[in-house]
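**Student:** Quick one, structure for this:
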Amino acid sequence: MPHPELLAPAADLRVARVESAPFAENSYVVFTTGTPACLVVDPGFDPDAIVDFLRGHGLEPAAILLTHGHSDHIAGTAALRRHWPAAPILIGRGDAPKLTDPAANLSAAFGFAVTSPPADRLLDDGERLDLAGLAIDVFEIPGHSSGHVVFVLPGRVPCVVLAGDVLFRGSVGRTDFPDGDFSALASGIRRRLYTLPDDTLVLPGHGPPTTIGHEKRHNPFVPATGGPPAD
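**Tutor:** Next comes the predicted model:
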């Protein structure tokens, strides 16, 4: 079982990262110090590690947030709901059908069927959530999947982005899936993410953290200028 990595992006903010096999997917537990409420983001194939972390730190999920519906990002939702039946599942409106469809969430292609309980709330671009004492802005950035959303935690220095499979350190999410679109992905990154402060911390769905400034300067797939138009 992987040992969660605990990050402290701001004075009162804590983020635990759990990397789960077989796709090296990052699940996150987000919480503020001094409160038991937390958010679980993209629970993957090792929900036991997430459950153990929550139990060990006296935390209880106020919600399960899903950036998108691919199997490696939703595989742990059913297990978490067995432990915390009241925790609502939130996902972008466009990716909600993937939760209960192994073909759409790509697990069927790998020879196994992953399903999740259906969403309790569907998210739209521009929403502001207030969960676990945290303000969260919802940005819809399609391209890796048609209904992919990104969760932005404003009001702290640095700002924090839970990016799912949109933006990685030195890379971007795959766009060769049936509902992929590289132009839409690049446009969304430039318009919605590259306009955030350079010190914004990006916590991706795979790989190590990065910053908006680093990606603007060094990302070979979506440089800050050039390539597909931003609108």
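**Student:** helix/strand/coil for the spatially closest residue to residue 108 that is not a sequence neighbour?
**Tutor:** Spatial nearest neighbour of residue 108, excluding adjacent residues (Cβ to Cβ, 6 or more residues apart in numbering): residue 102 at 4.1 Å. Any C-beta I mention is one placed from the backbone N, CA and C, and that applies to glycine too. Recorded secondary structure, residue 102: coil (DSSP: H, G, I helix; E, B strand; the rest coil).
**Student:** isn't residue 102 right next to residue 110, touching?
**Tutor:** No - checked against Cβ atoms under 8 Å, the pair residue 102 and residue 110 is beyond contact range at 9.4 Å.
**Student:** returning to that earlier point: what number of neighbouring residues does the residue nearest to residue 108 come out with?
**Tutor:** 16 (other Cβ atoms under 10 Å).
**Student:** Relative to residue 135, how far out is it?
**Tutor:** Distance, residue 102 to residue 135, by Cβ to Cβ, to the nearest Å: 35 Å.
**Student:** Spatially central residue for the protein, please.
**Tutor:** Residue closest to the mean C-alpha point of the chain, counted by Cα atoms, centre = their mean, is residue 164 at 3.5 Å.
**Student:** That residue against residue 65, yeah?
**Tutor:** No - using Cβ under 8 Å, residue 164 is not in contact with residue 65; the gap is 9.7 Å.
**Student:** hey, what's in contact with both of these two?
**Tutor:** Residues touching both residue 164 and residue 65 (Cβ atoms under 8 Å, 6 or more residues apart in numbering) are residue 42.
**Student:** What degree of burial does residue 178 show, as a neighbour count?
**Tutor:** For residue 178, using other Cβ under 10 Å, the count is 9.
**Student:** pLDDT wise, what is it at?
**Tutor:** Looking at residue 178, its pLDDT reads 93.
**Student:** for it, helix, strand, or coil?
**Tutor:** Residue 178 is classified as coil under three-state DSSP.
**Student:** again with residue 55
**Tutor:** Counting by three-state DSSP, the backbone at residue 55 sits in helix.
**Student:** my guess is residue 193 contacts residue 141, does it?
**Tutor:** Yes - if you go by Cβ under 8 Å, residue 193 and residue 141 touch, sitting 7.4 Å apart.
**Student:** Find residues that contact each of the two.
**Tutor:** By Cβ under 8 Å, 6+ apart, residue 193 and residue 141 have these common neighbours: 150, 166.
**Student:** Please tell me how far residue 128 sits from residue 103.
**Tutor:** For residue 128, the distance to residue 103 (Cβ to Cβ) stands at 33 Å.
**Student:** I should have written residue 67 there, sorry.
**Tutor:** 20 Å.
**Student:** neighbour-wise, which of those two wins?
**Tutor:** Per other Cβ under 10 Å, whichever of residue 67 and residue 103 has more neighbours is residue 67, with 29 against 11.
**Student:** ok, that one to residue 167 distance?
**Tutor:** For residue 67, the distance to residue 167 equals 11 Å [Cβ to Cβ].
**Student:** now do residue 27
**Tutor:** The gap separating residue 27 from residue 167 is 17 Å, by Cβ to Cβ.
**Student:** Next: residue 161.
**Tutor:** From residue 161 over to residue 167 the distance is 8 Å, taken as Cβ to Cβ.
**Student:** Quick check: neighbours shared by these two?
**Tutor:** Here residue 161 and residue 167 share the contacting residues 193, 202, scored by Cβ under 8 Å, 6+ apart.
**Student:** Between the two ends of stretch 198-206, how far is it?
**Tutor:** Distance across stretch 198-206, first residue to last, is 21 Å (Cα to Cα, to the nearest Å).
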